[in-house]
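**Q** The sequence and its predicted three-dimensional model are supplied below.
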Amino acid sequence: LLGADGHLGVTIFEEITTLAVRTGAINLGQGFPDEDGPDLMREAARDAISAGANQYAPGKGIPALREAISDHQRRFYGLTPDPETEIIVTTGATEALAAALLALTGPGDEVLTFEPFYDSYGAVIALSGATHVTAPLLAPEFQPDLAALEAAFSDRTRVILVNNPHNPMGSVFTREALTRIVELANRHDAIIITDEVYEHLTFGVAHIPVATLPGASERTLTISSAGKTFSLTGWKIGWMSGPAELVAAARTVKQFLSYSSGTPFQAAVAAGLALDGSFYEDLANTLQRKRDILSEGLRAAGMDVFTPQGTYFINVDAAPLGVTDATALARRLPELVGVAAIPVPVFCHPEGAERTKSLLRFAFCKRVDVLEEAASRIATLK
Ligand code: PMP
Ligand code: GLN
């Protein structure tokens, strides 16, 4: 079975986190915050456990959470998915992606993504038996190459899988790019699956959900997760919304992946989704300050920094330091300076890996003192 890097081995996150733990390095590799999400939500989970919410939840998710997801989409985006038929709860966005791709694609189909792409995309497309076709994101903004995208569509394109805001590159796609994606999907009668787990993590630019664009909603499955929005990545509560028949197809597969998802966490995520607007603003503002602290440190260390408009991640080009193989450097970095990062080429097929061979991804979702210490350690690389 072939994944992004030619096989389904240990994920890069597992590899680098294990290395960081073994060496005691500051882990700016795997994207998880070092401060937990809202007290209100952690209390709600404890209350749910005390109240006996400890057995299987309904397969499609508890009603209170499906209603809260629908309300959240109406409040922020004006979308009104029906909690009964157009939303399911999943075990993280990871399961939503797997259920959707396994339900909707198979041998003979093509699935289009941009490149670099989040690691699970390559692996699940391989598991489905479909062919993975890519179009590049263009440096330095890492917006879609729309001419390449048009050329990459074919009469076999079954799904275009979009990730916006984008992991690993940190870009937030423009309205023009998203509009073009929707036009091309319509022209080729392709389904759009859009992974918007970083929907609330944008810095000074608006996140535009694909499903809000003209001609999109009837062919778009939208995926998100509580992990990033609420700094609770270990809870693994995600969801998907979209046309009833597409959601039903994914739900059929979900039954046999996990059947249902963590009951007490669902109640707590429903409480989180109802938090007022200031919670979401504070989250983005806090992260933006952290982004700026780490960017400054990486720039001072002599790297070219691509300032992200969203997500947890800053990418740098380490070529000015003489680096030609980011993957080899990432494997040595924890021992060398006591900081762990993720190499960008692992998110690519061979051609894209060549284009990104000196790029590294650093996560900035950490306490300010941790980021400052990491920056001072990285400065010793020069
Ligand atoms: N998609 C993207 C783009 C991600 O970065 C991640 C990791 N947080 C996921 C999906 C998986 O999300 P979850 O932890 O909710 O499964
Ligand atoms: N989404 C996280 C990242 O990109 C990692 C999740 C995982 O370990 N699979 O860092």
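**A** That came in fine, so what should we check first? Worth saying up front: this structure is predicted, and the values here are computed from it rather than measured. Ligands and ions are numbered 1, 2, ... in the order given.

**Q** show me the contacts for F347.
**A** Taking C-beta atoms under 8 Å, 6 or more residues apart in numbering as the contact definition, F347 lies against A4, E115, P116, F117, Y118, D119, P168, T356. No exception for glycine: its C-beta is placed from N, CA and C like everyone else's.

**Q** try 10 Å
**A** The neighbours of F347, taking C-beta atoms under 10 Å, 6 or more residues apart in numbering as the test, are 4-5, 12, 115-119, 121-122, 167-169, 353, 356, 359, 361.

**Q** OK, contacts around the closest residue to it other than its chain neighbours?
**A** Closest residue to F347 apart from its sequence neighbours, by C-beta to C-beta, 6 or more residues apart in numbering: P116 at 3.5 Å. Neighbouring residues of P116 by C-beta under 10 Å, 6+ apart: 4, 134, 136-137, 142, 163, 166-169, 315, 344-349, 352-353, 355-356, 359, 361.

**Q** So among those, which ones count as buried?
**A** Among the contacts of P116, those scoring as buried are 4, 134, 136-137, 142, 163, 166-169, 315, 344-349, 352-353, 355-356, 359, 361 (criterion: 16 or more other C-beta atoms under 10 Å).

**Q** Restricted to helices, list the contacts of P116.
**A** Residues of the contacts of P116 located in helices (DSSP state H): G352, A353, R355.

**Q** Output the residues you listed in JSON lines; the columns should cover pLDDT.
**A** Converted to JSON lines, those look like this (pLDDT from 0 to 100):
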{"residue": "G352", "pLDDT": "96"}
{"residue": "A353", "pLDDT": "97"}
{"residue": "R355", "pLDDT": "96"}
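
**Q** tell me, which of these make contact with ligand 2?
**A** Here nothing survives when these are matched to ligand 2 using C-beta under 6 Å from any ligand atom.

**Q** Would you format those as TSV with distance to K290 included?
**A** Output for the ones in helices among the contacts of P116, formatted as TSV (distance: C-beta to C-beta, whole Å):
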residue	distance to K290
G352	28
A353	28
R355	28
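
**Q** what would the residues you listed look like in a markdown table with distance to ligand 1?
**A** Below are these laid out as a markdown table (distance: C-beta to the nearest ligand atom, whole Å):
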| residue | distance to ligand 1 |
| --- | --- |
| G352 | 16 |
| A353 | 19 |
| R355 | 20 |
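
**Q** buried stuff in stretch 368-382?
**A** Judged by neighbour count using 16+ other C-beta under 10 Å, the buried positions of stretch 368-382 are V370, L371, E373, A374, A375, R377, I378, L381.

**Q** How far away from the center of its chain is stretch 352-369?
**A** From the chain centre to the centre of stretch 352-369 is a distance of 14 Å (C-alpha atoms, centre = their mean, to the nearest Å).

**Q** Pull it out as PDB, backbone CA atoms only.
**A** Extracted in PDB, the C-alpha atoms of stretch 352-369 (Å, rounded to 0.1, in the frame of the first residue of the first chain):
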ATOM      1  CA  GLY A 352       7.200  18.600  -4.900                       C
ATOM      2  CA  ALA A 353       9.800  17.300  -2.500                       C
ATOM      3  CA  GLU A 354      12.500  18.600  -4.800                       C
ATOM      4  CA  ARG A 355      10.900  22.100  -4.800                       C
ATOM      5  CA  THR A 356      10.600  22.100  -1.000                       C
ATOM      6  CA  LYS A 357      13.900  20.300  -0.200                       C
ATOM      7  CA  SER A 358      15.200  23.000   2.100                       C
ATOM      8  CA  LEU A 359      11.900  23.900   3.900                       C
ATOM      9  CA  LEU A 360      11.100  23.200   7.500                       C
ATOM     10  CA  ARG A 361       7.800  23.700   9.400                       C
ATOM     11  CA  PHE A 362       7.800  25.000  13.000                       C
ATOM     12  CA  ALA A 363       4.700  25.000  15.200                       C
ATOM     13  CA  PHE A 364       4.100  28.200  17.200                       C
ATOM     14  CA  CYS A 365       1.200  27.100  19.300                       C
ATOM     15  CA  LYS A 366       3.400  27.100  22.400                       C
ATOM     16  CA  ARG A 367       3.800  29.400  25.500                       C
ATOM     17  CA  VAL A 368       5.700  32.600  24.800                       C
ATOM     18  CA  ASP A 369       8.600  31.600  27.100                       C
END
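
**Q** tell me the pLDDT at the residue nearest to F347?
**A** P116 carries a pLDDT score of 98 in this model.

**Q** Look up how far ligand 2 lies from it.
**A** From P116 over to ligand 2 the distance is 11 Å, taken as C-beta to the nearest ligand atom, to the nearest Å.

**Q** Same check on T157?
**A** 26 Å.

**Q** Now for the closest residue to ligand 2 within the stretch 101-250 of the chain: which residues touch it?
**A** Nearest to ligand 2, among the residues of the stretch 101-250 of the chain, is N167, at 5.1 Å (C-beta to the nearest ligand atom). The contact partners of N167, taken as C-beta under 10 Å, 6+ apart, are 31, 116-119, 195, 197-198, 228, 308, 310-313, 347, 361.

**Q** which residue ranges form the helices in the stretch 101-250 of the chain?
**A** Taking DSSP state H, counting those that start in this stretch, the helices of the stretch 101-250 of the chain run over residues 119-128, 146-152, 175-187, 226-229, 244-257.

**Q** list the helices and strands the third one packs on?
**A** Spelled out, it's helix 175-187. The contact analysis (3 or more C-beta pairs under 10 Å, 6 or more residues apart in numbering; DSSP states H and E) places helix 175-187 against strand 110-115, strand 143-144, helix 146-152, strand 157-163, strand 191-195.

**Q** Tell me the residues of the protein that contact ligand 1?
**A** Residues of the chain found near ligand 1 (C-beta under 6 Å from any ligand atom) are 31, 92-94, 118, 163, 167, 195, 197, 225, 227-228, 233, 236, 238.
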